[in-house]
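> Coordinates only, no sequence provided:
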């Protein structure tokens, strides 16, 4: 990361940037970035997210300082999770919804949680040309998924990026995920509203849906409901509405709804947004919105602690050396899981 | 626990029980218990489970020694989880199924996982009179739920009790749960076959079913299908069969089935057992049975480690003192969950 800190350092006159870098780089970096980010600089926001994603110790110190500065200005956005299998048209949908919103003077940030990105270097949002209109929109900010060794790491970085985007004045955060592994659950735990994007298929609409995903959805949007697909989309809508009805009411008291939409023809986009708005109205009025946010914050605190405890344990050299053989013995029933755990906890 | 170790201690003559208690109590206890348990003594099995449930350090040492001795003789049973809300007739069903099995020369152990038992002192199986016939059957063994501070603790004890029962020669282990909190998931993770007991209700059959529970079921048994209920049970059967069809195939390739049954009239019990038997035949042939057991063992190892790491952390005095205030700040968005976690991990 190349720094441009000159604007904010004060005294001495001689090469303040160099001096600050040596003596109090952390603070200057964070404060300078914070101010530029608050002024709405997309470049600074990008740089801030890069700082949060960095794994070096100094960067992490600066990142935490920056987050601390941003927190009082964060939280005032609608956090919306969007999931769907590859091919369902997520990019087109986000482009359509995002453009609709910037036209209505919203400031829209698009983030992604893609646990496969560390391997594939970003299979979603990696290519901004997939959202050509939105990526040139000054009221929109698009950021590909952080890469990382673990989904937990990617999740942490995304969650901190939300705070940065909010402090930078974005009032709508769209978080996209392809739903590899547990990524949907992770995204669900950091958003207010969770949207499942589906295609109208031929026949068995509900087959192949990942377990638990329907239960998480606040809305199911049947995409590509255009041309010859219109009829199939209607059939799918009925099937999903029935499926949603099988579940007990949510703690939000929100009854999830199904909408058909054509991101290409831009039909159903307005209806989707009206639905989302009515969710926010309802849950803010009932207090569920605030409760859910507070619960999510607590969840992330405990989650972070527990992830760190596990990381420390599994990265311990003795544990790393002994674990494979012990796991094998346990799998074969030669060693009790409880005895093995106790042995491993002793050697760490 | 009162000990009767005289039979197994050897030398000295004078008060061997007292001597063994002072010098090598652990080994004698475990070995003696192990032998009697292997000979099929129900009293020794009871005592062994009590040992496993004890929280004192010495008892835990002995318990681990005993488990180690039992492991080579464990694993040869059908582990069957049975869940259903209160009033569905679990006791009557288990009594009917258990008696049917002992008549066929099976040896049946009935355990329970009830996280509420530490409060209510055993709301299920607490009263053996609820299974009067089975409790007098010499080929059956009934044990109420362990009590404990945490579901994790109850789960560990139950899992060890399974090993003890198997070493004692029981070939069928029925594990009952009322499904409070996460108890169904916990039971599901320790059994080969998971059975959901339901009642035929009026109308909306699927309403009020706990999230995720249908996905876990290998069979749904509609109980009390007798007298005036027969028709309603048929309706419920169809509704559940449809609901089951909404889910993607299981990794076992087993297609979950719905059966109607009257535990009272003892109809459907034989069919239930035939279904369970065909599950075991199919999964043993495909290798899924062995794979699932190995996976469960590994899961329990990692689970135990992680529970222990968390327990140690949350029981740390400084953490206990600081956590409530920090949680509150995090909930209100005044402190970043990640910063808070890092602070807490430093003070432990």
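That came through, no problem. This structure is a prediction, so every number in the text was calculated from the model and none was measured. Numbers count the residues shown, from 1 in each chain, chains lettered A, B, ... in the order given.

> where does the stretch 151-300 of chain A dip in pLDDT?
For the stretch 151-300 of chain A, the stretches flagged by pLDDT under 70 are A:180-181, A:201-211.

> go with 90
The model of the stretch 151-300 of chain A has pLDDT under 90 over residues A:151-156, A:178-185, A:198-216, A:224-253, A:263-267, A:300.

> which residue ranges form the helices in it?
With DSSP state H, counting those that start in this stretch as the criterion, the stretch 151-300 of chain A has helices at A:151-167, A:183-188, A:213-216, A:230-245, A:269-286, A:288-314.

> do you know which of those helices lies nearest residue B:110?
helix A:213-216 (32.1 Å; Cβ to Cβ). Where C-beta positions appear, they are placed from N, C-alpha and C, glycine not excepted.

> Other residues contacting that closest one?
Applying Cβ atoms under 8 Å, 6 or more residues apart in numbering or on different chains, the contact partners of helix A:213-216 are A:83, A:179, A:184-185, A:188, A:194, A:196, A:206, A:220, A:240, A:243-244, A:247, B:211-212.

> circling back: packed most tightly, which of the helices of the stretch 151-300 of chain A would that be?
Highest mean neighbour count of those: helix A:151-167, a mean of 24 (counted as mean count of other Cβ atoms under 10 Å in any protein chain shown).

> So what angle separates the directions of that one and helix A:288-314?
Going by axes from the mean of the first three to the mean of the last three Cα atoms, to 10 degrees, helix A:151-167 is angled at 140 degrees with respect to helix A:288-314.

> Quickly check: helix A:151-167 near chain B or not.
Yes - counting by Cβ under 8 Å from any Cβ of the partner chain, chain B has neighbours in helix A:151-167: A:156, A:159-160, A:163.

> That helix - contacts with which helices or strands?
Packing partners of helix A:151-167 (3 or more Cβ pairs under 8 Å, 6 or more residues apart in numbering or on different chains; DSSP states H and E): helix A:25-38, helix A:42-53, helix A:57-70, strand A:108-113, strand A:172-177, helix A:183-188, helix A:288-314, helix B:337-347.

> Show me the shaky parts of the stretch 1-150 of chain A.
In the stretch 1-150 of chain A, residues with pLDDT under 90: A:1-29, A:53-58, A:60-61, A:64, A:84-91, A:112-133, A:135, A:144-150.

> List, one by one, the residues from it near chain B.
Counting by Cβ under 8 Å from any Cβ, the stretch 1-150 of chain A comes close to chain B at A:64, A:67-68, A:71-72, A:74-75.

> out of the residues you listed, who has the most neighbours?
The residue in these with the most neighbours, by other Cβ atoms under 10 Å in any protein chain shown, is residue A:67 (25 neighbours).

> Chain neighbours aside, what residue packs nearest to that residue?
residue B:336 (4.9 Å; Cβ to Cβ, 6 or more residues apart in numbering or on different chains).

> Roughly how far does the one you found sit from residue B:329?
Using Cβ to Cβ, to the nearest Å, residue B:336 is found at 10 Å from residue B:329.

> Looking at these two, which has the bigger crowd around it?
residue B:336 (25 against 16).

> Kindly list the main-chain dihedrals of that one?
Torsion angles at residue B:336 (phi, psi; degrees, to the nearest 10) stand at phi -70, psi 140.

> if I pick it, what's in contact with it?
Residue B:336 touches A:64, A:67-68, A:71, A:160, A:163, B:330, counting by Cβ under 8 Å, 6+ apart.

> 10 Å - rerun?
Taking Cβ atoms under 10 Å, 6 or more residues apart in numbering or on different chains, we find residue B:336 in contact with A:63-64, A:67-68, A:70-71, A:74, A:159-160, A:163, A:297, A:300-301, A:304, B:329-330, B:342.

> Which residues are in contact with each of residue B:336 and residue B:329?
A:297, A:301.

> For residue A:105, give me its contacts.
Taking Cβ under 10 Å, 6+ apart as the test, what residue A:105 contacts is A:139, A:171.

> Likewise for the one 4 residues further on?
Taking Cβ under 10 Å, 6+ apart, we find residue A:109 in contact with A:42, A:45, A:49, A:77, A:79, A:98, A:139-143, A:161-162, A:164-166, A:168-175.

> Same check on residue A:346?
Residues counted as contacts of residue A:346 (Cβ under 10 Å, 6+ apart) are residue A:318.

> likewise residue A:274?
Neighbour list for residue A:274: residue A:259 [criterion: Cβ under 10 Å, 6+ apart].
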